[in-house]
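A.B. asks: Take this sequence and fold it.
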Amino acid sequence: MANPISGTIALVRAVFVLAREGVIGSFPAEGLPPGPALLHRFARLIERGSAENRERSDNLSRALNRLGPSYVKLGQFLATRPDLVGAAAARELGSLQDKVPPFDTALAVIEIETTLGRRVDELFLELGEVVGAASIAQVYKARIRDADGSERFVAVKVVRPGVRVRFLHELETFASIARFLERYVRASRRLRPVAVVETLAQSTRIEMDLRLEAAAASEMAENTANDFGFRVPTIDWERTGRDVLTMEWIDGIKMSDVAAIAMAGHDLKQIGVTVVQSFLRHAMRDGFFHADMHQGNLFVGPDGTVIAVDLGIVGRLSAESKRFLAEILYGFIRRDYLRVAELHFEAGYVPRSQNVASFAQALRAIGEPIYGQPAETISMGHLLALLFEVTELFDMKTRPELVLLQKTMVVVEGVARTFDPKFNMWVAAEPVVSDYILEELGPAAKLREARAGVDAMLRLLHRAPDLAVGLEILAKQMPDLIENGIRLNDDTLTDLATEKRTSIISGRVAQWVIAVSLLSIAISMIF
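C.D. replies: Have a look, this model is predicted:
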């Protein structure tokens, strides 16, 4: 638990910096209680002279960079939540980089040896230079010798010493701000800032345990083993622990360097298509996707393969969510807005107190502008911004897993358009989406559902004799129960355990008659 005094000081500092950079003053003051309204006026007085001439998202980025690495991490997390900060702010925050000075390699050696329980010279032939430093960890290029005697390079990620304690203190500050918002800013309650901070805390805890990132990479490697044009690095589990992650070294070009990729002779348009199709395939086929697919986490290998790293943030979709998304997409394609609205209500995403027809009308306002436009001019980010506005009007609760999916879709679309300004999202997505819809909503899906129903009936049939025995016992005990109530004593339990064994053996024929009757009733109820 963080010290209350230090937490209060950190909170005051955070509020001062946010005010100084014009973040607080950029929000409307209408409807604020007297205390927060006074704070808002004070914030406008102390903000920098140029703050009002900048965009709010730019103000926020500057403030977070001033506050330090933990706040940069908060900004990166908020970039995954455009429903909270808006599409423009999410795009700005998405550009935040963890550019912090590296810590001493001697400290990294201590972390490695403590985590893996072996001397660093036993693990690596050479622990080379730092190739990247962020708020939570930094990465080294190292050289190892395999069991067959061959040598190769690996990437070694090491958690910063003391980072967990620092983040714990600063997360307490975030929680204080969130509680303030929920108490005094009524409009924020729908967005559940306290729950968002709790989610951030959980996400950060996961990101600081490098075993979990390694497990995510391993799972994705299995899922994509047969995928063409996409892969993730192989994990070296022998040299991986809570604070250390070792993986194969990637000899590729970072996707932020489009010019270098072009000079290497790669097909830029095809790379954009591969990024989008890979993401959609992982989400819709596997229900498990890389949720931080910006250019800094993507490389292009010598053969043109897209290689994804840094799986500290991943998303998962349940079977129900995947099917919901498929039907929503199918409904928009068919322009069946009433069905799309009904799906939102059936899934419980929109409160029953809202009107289905009115919600369908709002969805029509989003969908109809799509038709008649060149597909390459349609911005997924713009459409999602409209969707967030509509969901707010209809009090639709935040669905973190869907928001994370939508945010990542916007990011990968942006990546693709850096390689092809006329990138057509719909043409690229169509093969993957069509395969999924055919798989989940077509004849094969119906056969799987029928088989599942048959399996359920067979399980019921298998257990029907035992159910019949229970009904027989209940029927014999019923007169006494009605007259004297329920009494469970040792004699009763003994009777149930021993006397009925004889009836089980002697009454099989009668029990099967009852079982078949029950099965007939069940079939009639289902069909």
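A.B. asks: Give me the pLDDT for residue 110.
C.D. replies: Per-residue pLDDT puts residue 110 at 95.
A.B. asks: what does the one 5 residues further on give?
C.D. replies: For residue 115, the model assigns a pLDDT of 95.
A.B. asks: Could you do residue 503 as well?
C.D. replies: If you check residue 503, the pLDDT there is 48.
A.B. asks: Equivalent analysis for residue 176, please.
C.D. replies: For residue 176, the pLDDT comes out at 79.
A.B. asks: Now it: closest residue in space that isn't a chain neighbour?
C.D. replies: residue 11 (5.1 Å; CB to CB, 6 or more residues apart in numbering). Backbone N, C-alpha and C define where each C-beta goes, glycine included.
A.B. asks: I figured that neighbour hits residue 177, correct?
C.D. replies: Yes. Residue 11 lies in contact with residue 177 (CB atoms under 8 Å); the separation is 6.8 Å.
A.B. asks: if we can go back for a sec, run a quick neighbour tally on the residue nearest to residue 176.
C.D. replies: As a burial measure, residue 11 scores 17 neighbours (other CB atoms under 10 Å).
A.B. asks: For it, which three-state class applies?
C.D. replies: helix (DSSP: H, G, I helix; E, B strand; the rest coil).
A.B. asks: dump the residue contacts of it.
C.D. replies: Contacts for residue 11 (CB atoms under 8 Å, 6 or more residues apart in numbering) come out as 173, 176, 177.
A.B. asks: want to try a markdown table for those, with secondary structure as columns?
C.D. replies: Listed next are these as a markdown table, based on three-state DSSP:
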| residue | secondary structure |
| --- | --- |
| 173 | helix |
| 176 | helix |
| 177 | helix |
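A.B. asks: What is the nearest of those to residue 252?
C.D. replies: Distances from residue 252 to the contacts of residue 11, taken as CB to CB, are shortest for residue 173 (38.5 Å).
A.B. asks: That closest one - nearest residue in space that isn't next to it in sequence?
C.D. replies: In space, and not counting its chain neighbours, residue 173 is closest to residue 10: 4.4 Å by CB to CB, 6+ apart.
A.B. asks: State the pLDDT value of that neighbour.
C.D. replies: Per the predicted model, pLDDT is 70 at residue 10.
A.B. asks: Stretch 282-296: end-to-end distance?
C.D. replies: One end of stretch 282-296 to the other measures 19 Å (CA to CA, to the nearest Å).
A.B. asks: on that earlier part again, which of the contacts of residue 11 are buried? Put it as a PyMOL command.
C.D. replies: To isolate the buried ones among the contacts of residue 11 in PyMOL, judged by 16 or more other CB atoms under 10 Å, type:
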select buried, resi 173+176+177
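A.B. asks: now, among the contacts of residue 11, which is nearest to residue 59?
C.D. replies: residue 177 (16.2 Å).
A.B. asks: which stretches of this structure form strands?
C.D. replies: In the chain, the strands defined using DSSP state E lie at 126-133, 137-145, 151-159, 230-231, 244-248, 253-254, 288-290, 298-300, 306-308, 314-316.
A.B. asks: so can I have CSV of these showing mean neighbour count?
C.D. replies: Converted to CSV, the strands of the chain look like this (neighbours: other CB atoms under 10 Å):
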stretch, mean neighbour count
strand 126-133, 15
strand 137-145, 19
strand 151-159, 19
strand 230-231, 19
strand 244-248, 23
strand 253-254, 18
strand 288-290, 23
strand 298-300, 24
strand 306-308, 22
strand 314-316, 19
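A.B. asks: The ones you listed: which one's closest to residue 218?
C.D. replies: Ranked by CB to CB, the member of the strands of the chain that lies closest to residue 218 is strand 244-248, at 10.0 Å.
A.B. asks: Determine the angle, from 0 to 180 degrees, between the closest one and strand 151-159.
C.D. replies: Orientation note: strand 244-248 sits at an angle of 150 degrees relative to strand 151-159 (axes from the mean of the first three to the mean of the last three CA atoms, to 10 degrees).
A.B. asks: which other helices and strands contact strand 244-248?
C.D. replies: With contacts taken as 3 or more CB pairs under 8 Å, 6 or more residues apart in numbering; DSSP states H and E, strand 244-248 sits against helix 105-116, strand 151-159, helix 210-223.
A.B. asks: Adding distance to residue 300, write those out as a markdown table.
C.D. replies: Output for the helices and strands packed on strand 244-248, formatted as a markdown table (distance: least, CB to CB, whole Å):
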| stretch | distance to residue 300 |
| --- | --- |
| helix 105-116 | 29 |
| strand 151-159 | 17 |
| helix 210-223 | 18 |
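A.B. asks: quick revisit: relative to residue 405, how far out is the residue nearest to residue 173?
C.D. replies: Separation of residue 10 from residue 405 (CB to CB, to the nearest Å): 33 Å.
A.B. asks: tally of neighbours for the residue nearest to residue 173?
C.D. replies: 20.
A.B. asks: Contact partners for it?
C.D. replies: 169, 170, 172, 173.
A.B. asks: Surely residue 325 is in contact with residue 317?
C.D. replies: Yes. Here residue 325 reaches residue 317: they are 7.4 Å apart, a contact under CB under 8 Å.
A.B. asks: where do the contact lists of the two overlap?
C.D. replies: Residues touching both residue 325 and residue 317 (CB under 8 Å, 6+ apart) are residue 405.
A.B. asks: Can you list the low-confidence ranges for the stretch 301-450 of the chain?
C.D. replies: Scanning the stretch 301-450 of the chain for pLDDT under 70 picks out 329-330, 333, 370-392, 396-403, 440-450.
A.B. asks: about what we covered before: of the helices and strands packed on strand 244-248, which is nearest residue 130?
C.D. replies: Nearest to residue 130, of the helices and strands packed on strand 244-248 and by CB to CB, is helix 105-116 at 7.3 Å.
A.B. asks: what sits up against the closest one?
C.D. replies: 119-120, 123, 127, 130, 138, 140, 156, 158-159, 161, 239, 241-244.
A.B. asks: For that helix, buried residues please.
C.D. replies: Residues of helix 105-116 classed as buried by neighbour count (16+ other CB under 10 Å): 105, 108, 111, 112, 113, 115, 116.
A.B. asks: Just the angle for it relative to strand 244-248, thanks.
C.D. replies: Compare the direction of helix 105-116 with that of strand 244-248 by the same axes, to 10 degrees and you get 90 degrees.
A.B. asks: how many neighbours does residue 242 have?
C.D. replies: Neighbours of residue 242 under the rule other CB under 10 Å: 15.
A.B. asks: could the contacts of residue 10 go into a markdown table alongside pLDDT and distance to residue 422?
C.D. replies: Output for these, formatted as a markdown table (pLDDT from 0 to 100; distance: CB to CB, whole Å):
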| residue | pLDDT | distance to residue 422 |
| --- | --- | --- |
| 169 | 77 | 48 |
| 170 | 77 | 43 |
| 172 | 79 | 48 |
| 173 | 78 | 45 |
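A.B. asks: ok, those vs residue 258, which is closest?
C.D. replies: Checking the contacts of residue 10 one by one against residue 258 (CB to CB), the nearest turns out to be residue 170, at 35.3 Å.
A.B. asks: Could you find the closest non-adjacent residue to the closest one?
C.D. replies: Nearest to residue 170 is residue 70, by CB to CB, 6+ apart, at 4.1 Å.
A.B. asks: Model confidence for the one you found, exactly?
C.D. replies: Residue 70 is assigned 71 on the pLDDT scale.
A.B. asks: out of the helices and strands packed on strand 244-248, which comes closest to residue 23?
C.D. replies: That would be strand 151-159 among these, by CB to CB, at 29.9 Å.
A.B. asks: Determine the set of other helices and strands touching the closest one.
C.D. replies: Applying 3+ CB pairs under 8 Å, 6+ apart, we find strand 151-159 packed against helix 105-116, strand 137-145, strand 244-248.
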